[in-house]
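# Need a 3D model of the sequence below.
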Amino acid sequence: MLRNLRAFLISVLALWHDRSQKQIGAASGIPPKRISQLLRGEEIEDDVLARLLAATGGDPAKVAIVTACHEALARLEQNQELTAAERVEVELGVLEGIGVIRRMVTEAVRRSRAGVPALDRYPQPADLEPARWHAAMLFQVLQELPEDQQSAVVRAAREYQTWALVERLCEESVVQASRDLEHAAFLARLARQAARRTRGPQGWVRRIRAFAAAHVANVLRVAGKLKAAAALFEQAKRLWSAGSDPDGVLDPGRLLDLEASLCRAQRRFGEALALLERAITMGRCPGRYRINKAFTLEVMGEYERAIKALLEAKALPDVQADPRLRNILYNNLALDLCHARRFAEAAELAQQVRAAAAEMGDAILLLRVTWIDGRIAAGLGRTGEALSLLAQARREFESRNMGYDVALALLEEAALLLDEGRTAEVKALTRGLPAVFAAEEVHREALAALRLFREAAEREAATAELARRVLHYLFRARYDQGLRFEE
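Next up, the predicted model:
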C-alpha cells in the first residue's frame, strides 16, 4: 500500500482523470520511467510535485480532498481503541456529517457571492436576501452565547449592528412572547441595542429604531404593563413617522399590528380592528394580521366573525409558509368553532391541530387539544368521554402550574356534573380552586367570578347555568381584564 502522501496524491489523481504515466510524462516533461520510480516510494521534491500535480489536474480542492482521504485511512488503522465494527460506525457517521457540512457551506458560499451588503446605506433590492441570510447566521451564533456575552457582542461588533439582525431579533421576540416572556424581553432589548448602533441615512435609522422600540413595547404589553407599553409605543410611532423607508424593507404593517394588540389590551376594540384592516392592506403578512383580527373578535365574543377571519387567513402565503402561524390558526379556529357550538366542524379540525402539534413536538399545544377534544365531546353529548378528557387536561394543566387553564377545564367539568345533579362532586372539585387563586395570570375580576362559583358550590347551590356563565366570562376576561362579571 502506498504510504507516501505525495505519491498517493499523484496516483489517485492520475486514476481519477484516467491519465497514464506516458501522458503525465508528456505533460510534465518527466520521463515515464522516472515517474514510476517516484510513485514506488522515492522522495518527490517540491518543484517535481508541482509539475506532476499540474499534469494530473491536481487543483487545490482536489489535493485537499485526497489528502483528507489519506489522513482518514491512516487514522483508521492507528485507532486500536475501538473494535472493527465501532470503527465502521464512526467513519460512516463522519462521512454523513461531512455531507451535511458540505451542503451548508455550499449554500453559504452561494448566498455570499454578492458579499455582505454595505452597512451604512439604505438597502438596495439585491441586498435584502444576503442581508437577511447573514443576519440569520449571526443570530445562530448569538444563541450559543450567554445573554451578557450576546449583549457585549452586539455593542462591540459592527457586523451585528444591522437592520436585518434587528428585524430577526424582533421576529424571535414575538415568537417567544407566548412561550418565555423573560427571553422575549431580552431579545427585544438586544434588538434595540443593535438599532441604536446602526448607521445610514437618518430617516432609515429612525425607522430601524422605531421598529425595535415597538417590539420592546410589545413585551411590556404582554407583561400587562400597559401604561409603560403605551408610552414607549408613542415614542416608536413618532420615530417611525419621522423616518423613511421608501421600499418598505421593514414591514409597514408590523407596527400597526403591534399597536392593534395594545389597543385590544386597553379594550379599545374598534381602534384595534381599524389598525388591523390597515395592516392587512399595507403589510407583507396579511395572514398574520387576519389571525390577530380574529383573536380580537374572539376577545370581543364575536365568534362567527372570528371564524370568518381565520378562514380568510388560512390559504394566504405567509400562513402556509409558517408552521407556527398555521398551528395558531388551527388551534384558534377549533376553539372558536366550539364557542360557536359548531362541534362537528371543530372535531375535524382538532385532528389537524393534534397532527401538527405532534410533528412540531409542541407538548403544550397537544395538551390544549386534549382540552378541546373534551369540549367537543361535551358539545356532541358524549358526557362520559368529555368528563374523562377534561379531567385529564385539568390534571396536566395543574402539573404545569397553568392556573387559568385549570379554571377553564374545571368549570367545563362542573357544568357537565351539575347537568346530572352531581353537586357533591362539584363541591369536591372546587376545593382545588385555592391553587388557581394563587396563580399570577388569574386577575382580580376573574378571581371574583371564581370565588362566587366556589361559594355557591360549597353551599351545593351552584347550577350548570352559573358554571357556564362564569366559564363564558373567563374565556373573554383572559385577554380583556377590564371586563366585569355580571352577577
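# Quick check: closest non-adjacent residue to residue 249.
Leaving aside its sequence neighbours, residue 249 sits nearest to residue 123 (C-beta to C-beta, 6 or more residues apart in numbering; 5.6 Å). C-betas here are computed from N, CA, C, even on glycine.
# my read: that neighbour touches residue 129, true?
No. Shown here, residue 123 and residue 129 do not form a contact pair, counting by C-beta atoms under 8 Å, at 10.3 Å.
# For those two, indicate the residue with more neighbours.
residue 123 (21 against 13; other C-beta atoms under 10 Å).
# show me the contacts for that one.
117, 131, 163, 247, 249 (C-beta atoms under 8 Å, 6 or more residues apart in numbering).
# From those residues, keep the buried residues only.
The neighbour count (16 or more other C-beta atoms under 10 Å) marks 117, 131, 163, 249 as buried among the contacts of residue 123.
# Report the separation between the residue nearest to residue 249 and residue 314.
32 Å (C-beta to C-beta, to the nearest Å).
# ok, now how distant is the residue sitting nearest the centre point of the chain from residue 309?
Centroid-nearest residue in the chain, with C-alpha atoms, centre = their mean: residue 175, separated by 5.6 Å. Per C-beta to C-beta, residue 175 is found 21 Å from residue 309.
# Once you drop chain neighbours, what's closest to residue 366?
Residue 366 sits nearest to residue 357 (C-beta to C-beta, 6+ apart), 4.6 Å away.
# Need the contact partners of whichever strand or helix holds the one you found.
Taking DSSP states H and E as the criterion, residue 357 maps to helix 343-360. Contact with helix 343-360 is made by 323-324, 326-327, 330-331, 333-335, 337-338, 365-366, 369, 372-373, 375-376, 379-380, as judged by C-beta under 8 Å, 6+ apart.
# Packing partners of the helix or strand harbouring residue 169?
Taking DSSP H and E as the definition, residue 169 sits inside helix 163-176. Under the contact definition 3 or more C-beta pairs under 8 Å, 6 or more residues apart in numbering; DSSP states H and E, helix 163-176 sits against helix 128-143, helix 181-196, helix 202-222.
# Pull the distance from that helix to the chain's centre.
Computed by C-alpha atoms, centre = their mean, to the nearest Å, the separation of helix 163-176 from the middle of its chain amounts to 10 Å.
# For it, buried residues please.
Quick answer for helix 163-176 (16+ other C-beta under 10 Å): 163-174, 176.
# could you dump those to JSON lines with distance to residue 447?
Written out in JSON lines, the entries for these read as follows (distance: C-beta to C-beta, whole Å):
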{"residue": "163", "distance to residue 447": "44"}
{"residue": "164", "distance to residue 447": "45"}
{"residue": "165", "distance to residue 447": "42"}
{"residue": "166", "distance to residue 447": "40"}
{"residue": "167", "distance to residue 447": "40"}
{"residue": "168", "distance to residue 447": "39"}
{"residue": "169", "distance to residue 447": "36"}
{"residue": "170", "distance to residue 447": "34"}
{"residue": "171", "distance to residue 447": "35"}
{"residue": "172", "distance to residue 447": "33"}
{"residue": "173", "distance to residue 447": "30"}
{"residue": "174", "distance to residue 447": "29"}
{"residue": "176", "distance to residue 447": "28"}
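# re earlier: of the helices and strands packed on helix 163-176, give the one that comes closest to residue 259.
helix 202-222 (7.7 Å; C-beta to C-beta).
# With just CA atoms, put the closest one into PDB.
This file holds the C-alpha atoms of helix 202-222, laid out as PDB (Å, rounded to 0.1, in the frame of the first residue of the first chain):
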ATOM      1  CA  GLN A 202     -31.000  59.500   9.200                       C
ATOM      2  CA  GLY A 203     -34.500  58.700   8.100                       C
ATOM      3  CA  TRP A 204     -33.700  55.000   7.600                       C
ATOM      4  CA  VAL A 205     -32.000  54.800  11.000                       C
ATOM      5  CA  ARG A 206     -35.100  56.300  12.700                       C
ATOM      6  CA  ARG A 207     -37.300  53.600  11.100                       C
ATOM      7  CA  ILE A 208     -35.000  50.900  12.400                       C
ATOM      8  CA  ARG A 209     -35.000  52.300  15.900                       C
ATOM      9  CA  ALA A 210     -38.800  52.700  15.800                       C
ATOM     10  CA  PHE A 211     -39.200  49.100  14.800                       C
ATOM     11  CA  ALA A 212     -37.100  47.800  17.700                       C
ATOM     12  CA  ALA A 213     -38.800  50.100  20.200                       C
ATOM     13  CA  ALA A 214     -42.200  48.900  19.200                       C
ATOM     14  CA  HIS A 215     -41.200  45.300  19.900                       C
ATOM     15  CA  VAL A 216     -39.900  46.300  23.400                       C
ATOM     16  CA  ALA A 217     -43.300  47.900  23.900                       C
ATOM     17  CA  ASN A 218     -45.000  44.700  22.800                       C
ATOM     18  CA  VAL A 219     -43.200  42.700  25.500                       C
ATOM     19  CA  LEU A 220     -44.400  45.300  28.100                       C
ATOM     20  CA  ARG A 221     -48.000  44.900  26.800                       C
ATOM     21  CA  VAL A 222     -47.800  41.100  27.100                       C
END
